[in-house]
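> please find the sequence and the predicted model below.
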Amino acid sequence: MSVGSAVDVQTQPKPLVMQEAEFIEIPMPDDMHVHLRQGDMLRHAVRAQAGQVGRFLVMPNTLPPVSSLERLVAYRDEVERALAELPPEARGEPLYTFKILPGMRADEVLALAQTGVVAGKYYPAGATTNAADGPRSFEEVAEVLEAMQETGLVLSIHGEDPDAPVFERERTFLPQVERLLSRYPRLRVVLEHLSDAASVEFVQQGPERLGATITAHHLLFTLEDMMGSSFNPHLYCKPVLKTARDREALRMAVLSGSHRFFFGSDSAPHPKAKKECAATASGVFAAPTAVPALVELFETLGGPASLAPGSAFLRFLAGNSAAFYGIPAPYRRLTLVRRQWVVPAEIGDVVPMLAGHTLAWQPVRGTRYASA
Ligand code: NCD
Ligand code: ZN
């Protein structure tokens, strides 16, 4: 990364002295957990993240789910068609997953692995959006897990026990993960969208093959932001936002420099009408704002050192996940300019995270590549 200055040609109105603008260049973030959806929503979702992420791990909880070779090929075609509408340098590279369903066989997993998926996603039945068809236990899908261990696929877990009280769902699920790790001693496991302090500690004390994603919204907000004064449905997600203490543990996990924590936005768009209603759908549309909001947050928390080359925060955004997943190290660069901008109220018919708020850093569209 380099911090420098350049002329901001967009300064309005025409100044007598051209204003200096500050730019930073960082490794292009990899987003290891994103929901792109289907149809028009998919086209909006890829546009919203365009030029801001390098690799992105696409979640499979579509309707119908990505849970067979046939569905994977069809969904991949749909995603590639949506990406083809963007300028090549803004597309990024999708990485695919499949949804683990009861009754899946080992040969189906092998076929998916040969077709290029990098992970299988475990959603406990009823835990979140489109998860009614999920397994009731890891035992129920033992054949799948065995095959994933053999082929080297990563097991990505939505770690919540839907039968536990809302606030305890994540930590109540951890003993199941502990048993899973000892039963499959070579399986690589990612606990997705960590939300509480107990999970952070669990990952820190776990084996090297256990990693975790952390979202921007769990690093930025708490339950108070979601419903302290009035209810903000656009911050309602699974797992729900927790306390300031939990958020602090998540921030410390990023700043610890541990390579086992990495960025996954869990960007999960829902139409405004499904958010601003009685039975609010869960999910935060974070893709348009997650990266600049995190740059601002960690600069505020740690000063310029947070944005210095090789900092723990920058490796959290790009680098840690590549090492964990065994994909090439980040090679693209993202430029951001220090320029205040107001997040639009809606993108498509979806309200983005921090809609109406002013952010300090703005991504400059157009990917740069690191010189070798
Ligand atoms: C996600 C969605 O809408 O698909 N919702 C959410 O609240 N995070 C599913 C998920 O990741 O749990
Ligand atoms: Zn998700």
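Yep, it's here. Ligands and ions are numbered 1, 2, ... in the order given.
> which parts of the stretch 151-300 of the chain sit against ligand 1?
Contacts of the stretch 151-300 of the chain with ligand 1, taken as C-beta under 6 Å from any ligand atom, map to 158, 237-238, 266, 268, 282-283. In short, each C-beta sits where N, CA and C put it, glycine included.
> where does pLDDT dip in the chain?
For the chain, the stretches with pLDDT under 70 are 1-20, 366-367, 370-372.
> re earlier: mind putting the residues of the stretch 151-300 of the chain next to ligand 1 into TSV with neighbour count and secondary structure?
Listed next are these as TSV, based on neighbours: other C-beta atoms under 10 Å; DSSP: H, G, I helix; E, B strand; the rest coil:
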residue	neighbour count	secondary structure
158	25	coil
237	25	coil
238	21	coil
266	27	coil
268	27	coil
282	16	coil
283	22	coil
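> please identify the buried residues of stretch 194-213?
Across stretch 194-213, burial judged by 16 or more other C-beta atoms under 10 Å covers 194-197, 199-200, 202-204, 206, 209-213.
> can you tell me the helix or strand for the nearest residue to residue 160 once chain neighbours are set aside?
Counting by C-beta to C-beta, 6 or more residues apart in numbering, residue 169 is the residue found nearest to residue 160 once chain neighbours are left out, at 3.9 Å. Per DSSP states H and E: residue 169 is located in helix 169-183.
> not counting its own residues, what contacts that helix?
Under the criterion C-beta atoms under 8 Å, 6 or more residues apart in numbering, residues 124, 127, 137-138, 145, 155, 157, 159-162, 164, 187, 189, 191, 194-196, 198-199, 202, 206-207, 209-210, 239 lie in contact with helix 169-183.
> distance from that helix to the middle of the chain?
21 Å (C-alpha atoms, centre = their mean, to the nearest Å).
> same question for stretch 149-166.
15 Å.
> using CSV, write out every CA atom in it.
This file holds the C-alpha atoms of stretch 149-166, laid out as CSV (Å, rounded to 0.1, in the frame of the first residue of the first chain):
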residue,chain,number,x,y,z
GLN,A,149,-12.3,-34.4,4.2
GLU,A,150,-11.0,-36.8,1.5
THR,A,151,-11.2,-34.3,-1.3
GLY,A,152,-9.9,-31.3,0.7
LEU,A,153,-13.0,-29.2,0.5
VAL,A,154,-13.6,-26.6,3.2
LEU,A,155,-16.6,-27.1,5.5
SER,A,156,-18.3,-23.7,5.9
ILE,A,157,-20.6,-23.6,8.9
HIS,A,158,-23.5,-21.3,9.9
GLY,A,159,-22.9,-22.0,13.6
GLU,A,160,-26.2,-21.4,15.3
ASP,A,161,-28.5,-23.8,17.2
PRO,A,162,-31.9,-22.6,16.1
ASP,A,163,-33.5,-24.2,19.2
ALA,A,164,-31.5,-22.1,21.7
PRO,A,165,-32.5,-18.6,22.8
VAL,A,166,-31.7,-16.0,20.1
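> residues of it that come out buried?
Of all the residues in stretch 149-166, those buried under the rule 16+ other C-beta under 10 Å are 149, 153-162.
> if we can go back for a sec, in helices, which of the contacts of helix 169-183 fall?
145, 198-199, 202 (DSSP state H).
> nearest to ligand 1 among those?
Proximity of the ones in helices among the contacts of helix 169-183 to ligand 1 (C-beta to the nearest ligand atom) peaks at residue 199, which lies at 14.6 Å.
> contacting residues for the closest one?
Contacts of residue 199 (C-beta under 8 Å, 6+ apart): 159, 170-171, 174, 191, 212.
> distance of it from residue 230?
29 Å (C-beta to C-beta, to the nearest Å).
> doesn't residue 339 lie inside a strand?
Yes. Assessed by DSSP: H, G, I helix; E, B strand; the rest coil, residue 339 belongs to a strand.
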